[in-house]
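**Student:** Would you be able to build a 3D model of this:
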Amino acid sequence: MSQENSGSFIQIQNISKIFGNTSPEALKAITEDHISKQDALENYNSVIGVSDVSFDIKPGEIFCVMGLSGSGKSTLVRHINRLLEPTIGKILIDGQDVMALERTRITRF
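**Tutor:** All right, here's what the predicted structure looks like:
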């Protein structure tokens, strides 16, 4: 286990996913002005899939992602294996920055 991960095997740090052509502008309004999902949709034609999620999973720990239908569970999990790219945030697995991996290396990883 890498020393960088402080005992965590998976680290999700401030992951957000904003869907839409104006996601950078929407993200800025969400983080700075704390606009709602409805405001993001109406003013930026953007949908908030996941908003500022962080957690650590230790080796051997059982971890469950729960929530209502449409709350972003699948969107969040798809970021870990990079089926989706987050708008912002960091994903570390055993100290490896998953976002820095090239597509060809993700499959082996």
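
**Student:** Check the spacing between Glu32 and Ala26 real quick.
**Tutor:** Computed with C-beta to C-beta, to the nearest Å, the distance linking Glu32 and Ala26 is 11 Å. C-beta: built from backbone N, CA, C; applies to glycine.

**Student:** More neighbours: which of these two?
**Tutor:** Counted by other C-beta atoms under 10 Å, Glu32 and Ala26 do not tie: Ala26 has more neighbours, with 25 against 8.

**Student:** Surely the more buried one is in contact with Gly20?
**Tutor:** Yes - the criterion here is C-beta atoms under 8 Å, and Ala26 meets it with Gly20 at 6.4 Å.

**Student:** what's the overlap in contacts for those two?
**Tutor:** Residues touching both Ala26 and Gly20 by C-beta atoms under 8 Å, 6 or more residues apart in numbering: 44, 46.

**Student:** Please list the outside residues in contact with the helix of greatest length in the chain.
**Tutor:** The helix that spans the most residues within the chain, counting by DSSP state H, is helix 23-33. For helix 23-33, contacts defined as C-beta under 8 Å, 6+ apart pick out 16, 18, 20, 35, 39-40, 43-44, 46, 48, 51-52, 87-88.
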